[in-house]
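> Have a look at this prediction, sequence included:
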Amino acid sequence: MQQCQEVITPSQQIAKIVQMHTGFNPLIIRNGVDLDLFSPKTECPNETKDLCRKYDICPDHPVILYVGRIDPDKKVDMVIRAAAKVFKEVNAQLLVVGDGKQRDELIHLTKALGIDQHCCFPGFISKHDDLPGIYRMARVFVTASEIEIQSSVMLEAAASGLPVITVQASSMPEFVIDGNSGYLVPPVDVDQMAKWITFLIKDHRKSRKMGQSGRMIAETHSNERFLEEHEQLYEEVLQVLKIYHQEGILA
């Protein structure tokens with residue numbers, strides 16, 4: 001890092017960690033999201049119906065959505081255990097999109113919990129395929145990961161108009177406003193996670209309002225802004241290097 005003019009991190013949390021370990025104060029430029037691709041609006045009127053048919057999803061029951069790697073560090077088991085509690089209160093279904101080392105194990109977990117009939121594991125779905133529509137058809141997005149530098153899927157969900165329920169860890173509090181665009185729960189607190197999922201499934205009006213707030217937050221993280229901030233930084237660094245060359249500091 002001593003060889004660099006600038007260091008970039010996508011969140012305050014990571015900037016603090018870098019500063020603590022190195023003494024270097026990074027510049028924060030948050031990653032962007034495609035606001036046209038991930039949007040609450042669709043040009044296809046039958047999108048939800050077609051996706052339900054394709055992935056064998058019941059169109060009459062709200063969808064709890066997880067998207068991402070299915071590995072131990074993502075704690076998807078917490079989302080599944082929370083969903084099991086939700087199913088005791090309301091009719092809903094869990095859609096776990098992604099792949100990873102723990103996928104088969106978690107499918108077995110749903111069977112052990114007796115909720116496999118309410119869960120779907122379609123595997124990896126590309127953002128250039130059905131993923132934007134999958135976000136739009138869901139009622140709430142849930143993740144329990146405590147290791148996020150900046151969660152791209154959380155930002156995609158917010159851009160799609162979904163309320164986000166996640167843990168109060170890593171960089172999540174920087175992107176989810178508790179009680180406004182979603183809810184932050186203590187790490188490993190399955191009961192709190194289930195409580196807020198149930199609440200948002202029961203109160204569709206509240207979930208839509210929170211989703212609208214999330215969309216507004218996502219709009220401050222556009223790809224265009226991301227690129228502009230990088231270009232501005234590169235121009236500033238180039239100007240500094242030119243001065244260094246002129247003064248003979250650099251050969």
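Here it is on my side, so go on.

> For residue 33, what are phi and psi?
Dihedral angles of residue 33 (phi, psi; degrees, to the nearest 10) stand at phi -140, psi 150.

> roughly how far apart are the residue nearest to it when sequence neighbours are not counted and residue 48?
Once flanking residues are discounted, residue 33 sits nearest to residue 155: 4.5 Å by C-beta to C-beta, 6 or more residues apart in numbering. Every residue, glycine included, has its C-beta placed from N, CA and C. For residue 155, the distance to residue 48 (C-beta to C-beta, to the nearest Å) stands at 22 Å.

> quick one, strands of the chain?
For the chain, applying DSSP state E gives strands covering 8-9, 27-28, 63-67, 93-97, 119-123, 140-142, 164-167, 182-185.

> Buried by neighbour count: which residues of the lowest-mean-pLDDT helix or strand in the chain qualify?
Lowest by mean pLDDT, DSSP states H and E among the helices and strands of the chain is helix 223-246, with a mean of 90. Buried residues in helix 223-246, defined by neighbour count with 16 or more other C-beta atoms under 10 Å: 226, 229.

> got a list of contacts for that helix?
Helix 223-246 has contacts (C-beta atoms under 8 Å, 6 or more residues apart in numbering) with 5, 6, 8, 27, 29, 30, 31, 32, 33, 34, 35, 250.

> Filter these down to the buried ones, PyMOL style.
PyMOL command restricting those to the buried ones, with burial defined by 16+ other C-beta under 10 Å:
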select buried, resi 8+29+30+32+33+35
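
> Can you pick out the most distant pair from the contacts of helix 223-246?
35 and 250 (39.7 Å; C-beta to C-beta).

> quick one, what contacts the spatially most central residue of the chain?
Most central in the chain under C-alpha atoms, centre = their mean is residue 154, positioned 1.2 Å from the mean C-alpha point. Contact analysis of residue 154 by C-beta under 8 Å, 6+ apart lists 141, 143, 148, 164, 166, 172, 175, 176.

> shouldn't the first one be in contact with residue 155?
No. With contacts counted by C-beta atoms under 8 Å, residue 141 stays clear of residue 155, the gap being 10.4 Å.

> of the two, who's got more company?
The residue with more neighbours, out of residue 141 and residue 155, is residue 141; 26 against 23, by other C-beta atoms under 10 Å.

> Pull the contacting residues for the more buried one.
65-67, 135, 153-154, 157-158, 162-165, 182.

> Switch these over to TSV; also include distance to residue 101 and pLDDT.
Listed next are those as TSV, based on distance: C-beta to C-beta, whole Å; pLDDT from 0 to 100:
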residue	distance to residue 101	pLDDT
65	21	98
66	16	98
67	17	98
135	24	98
153	18	96
154	22	96
157	23	98
158	27	97
162	26	98
163	29	98
164	25	98
165	24	98
182	28	97
